[in-house]
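Participant: Sequence and predicted structure below; questions after.
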Number of protein chains: 2
Amino acid sequence: MKKNCNFIEKLREVGLRPTKQRVKMCEVLYNRVKTFHFTINDLVKMLSEEMNQKISLATVYNTVHAFEKKGYLKEISIDSHRSYFDTNTSVHHHFFDEDTNELIDCDESDIDKINIRKNIIGKKINSVEVLVRVASDNQNQK
Amino acid sequence: MKKNCNFIEKLREVGLRPTKQRVKMCEVLYNRVKTFHFTINDLVKMLSEEMNQKISLATVYNTVHAFEKKGYLKEISIDSHRSYFDTNTSVHHHFFDEDTNELIDCDESDIDKINIRKNIIGKKINSVEVLVRVASDNQNQK
DNA sequence: CAACAGTTTAGAATTATTATAATGTAGATT
DNA sequence: AATCTACATTATAATAATTCTAAACTGTTG
Ligand SMILES: [Mn+2]
Ligand SMILES: [Mn+2]
Ligand SMILES: [Zn+2]
Ligand SMILES: [Zn+2]
């Protein structure tokens, strides 16, 4: 159990009241070594498992969207049926394993810098992200 | 009004019965010079406008998914609230205009070939696609 | 310790999508 | 051309995901 004061501070900084529920969600999401990807469903499970106090579904949605808007979470959409949130909010690329439905972060060295030749007048580029879909290589089956 | 025989043939080729509804949807989707992007909602509107014969909503969904499975359509998901289908089924990159919610195709020359250094053991790469999010450049507002 | 604005909550409402089951139809068989 | 059959379409119901509502609650300010 680490200090939640950090979360209380972080929440205050972006103008979110550090309520019990929000702090709890911060703990579940950010009190860990590595960032990770999850669906709303995953999160609801995590919360109900790792918790004494339950959080209503509406609050989970509200809070996730509040975090998203404030830049604490980032949405990664694979297709209309599979949408993930990412506690790694930096602009970064992903592998998506179509066998396991698992999202995997790339780091800087995994994909060379993307060079974009086209520019759209009056528009600036907000982000450039690559999705690499992979699946089991069954060429070695005779 | 061009020849629908093409569509009837195309449908047969992938094992889809060329029913009235499917042929009609082919017309609406493919009887044009350029490929385009649409939501289910867009498509339902297009069908009900450009048509004498109505198609039930369930059939629109079924047919879109049948086309998707057979490689006549491709899904492009921007976020959980915005999912598009693309009549351009090749692997290609997109710009997404966050002001207008418009998807724009890239062609080969717009983005340099993506170089991927990481490889995941036992997995092959199925596709590599880039999404470039753009928005109005308001730096020139004092 | 008020007072208030913002938050949570359960449950209802809405929306998007899929399932159901009756009816229709394309294409094959006589 | 009539019949057959598997597949497709349809209206509608059912489901699932998300958002809304309005009452109760809580963090913050003074
Ligand atoms: Mn969202
Ligand atoms: Mn789909
Ligand atoms: Zn990620
Ligand atoms: Zn496209």
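Facilitator: Thanks, I have it. Numbering: from 1, shown residues only, chains lettered A, B, ... in the order given. Ligands and ions are numbered 1, 2, ... in the order given.

Participant: Setting aside sequence neighbours, what's the nearest residue to the residue positioned nearest the centre of chain A?
Facilitator: For chain A, the residue nearest the mean C-alpha position is A:D86 (0.8 Å; CA atoms, centre = their mean). Leaving out its chain neighbours, the residue that sits closest to A:D86 by CB to CB, 6 or more residues apart in numbering or on different chains is A:K74, at 4.6 Å. To be clear about C-beta, it is placed using only N, CA and C from the backbone, and glycine gets the same treatment.

Participant: distance of that neighbour from A:D112?
Facilitator: Noted for A:K74: a distance of 22 Å to A:D112, by CB to CB, to the nearest Å.

Participant: Please measure how far the first residue of stretch A:13-27 sits from its last one.
Facilitator: Using CA to CA, to the nearest Å, the end-to-end distance of stretch A:13-27 comes out at 17 Å.

Participant: Give me the contacts around that stretch.
Facilitator: Stretch A:13-27 is contacted from outside by A:4, A:7-8, A:10-12, A:43, A:47, A:51, A:53, A:55, A:59-60, A:63-64, A:66-67, A:70-72, using CB atoms under 8 Å, 6 or more residues apart in numbering or on different chains.

Participant: can we see that at 6 Å?
Facilitator: A:N4, A:F7, A:I8, A:L11, A:I55, A:T59, A:T63, A:K70 (CB atoms under 6 Å, 6 or more residues apart in numbering or on different chains).

Participant: anything in that stretch near DNA strand C?
Facilitator: Yes - using CB under 7 Å from any atom of the strand, we find that stretch A:13-27 touches DNA strand C at A:L16, A:R17, A:T19, A:K20, A:Q21, A:R22.

Participant: so what are the domain limits for chain A?
Facilitator: If you go by automatic domain parsing, the domain ranges for chain A are A:4-79, A:90-134.

Participant: can you redo those domains as a markdown table with mean pLDDT and mean neighbour count?
Facilitator: Formatted as a markdown table, those follow (pLDDT from 0 to 100; neighbours: other CB atoms under 10 Å in any protein chain shown):
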| stretch | mean pLDDT | mean neighbour count |
| --- | --- | --- |
| domain A:4-79 | 93 | 15 |
| domain A:90-134 | 94 | 15 |
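
Participant: what would the ones you listed look like in JSON lines with distance to B:D137?
Facilitator: JSON lines is the format used below for the domains of chain A (distance: least, CB to CB, whole Å):
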{"stretch": "domain A:4-79", "distance to B:D137": "21"}
{"stretch": "domain A:90-134", "distance to B:D137": "4"}
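
Participant: show me where chain A has strands.
Facilitator: Using DSSP state E, the strands of chain A run over A:37-38, A:74-79, A:82-86, A:94-97, A:102-105, A:123-136.

Participant: Pull the distance from the longest one to the chain's centre.
Facilitator: Which is strand A:123-136. Relative to its parent chain, strand A:123-136 has a centroid offset of 15 Å by CA atoms, centre = their mean, to the nearest Å.

Participant: cool, the shortest one as well?
Facilitator: A distance of 5 Å separates the C-alpha centroid of strand A:37-38 from that of its chain, computed with CA atoms, centre = their mean.

Participant: That one vs DNA strand D: in contact?
Facilitator: No - against DNA strand D, strand A:37-38 shows no contacts by CB under 7 Å from any atom of the strand, the least distance being 11.9 Å.
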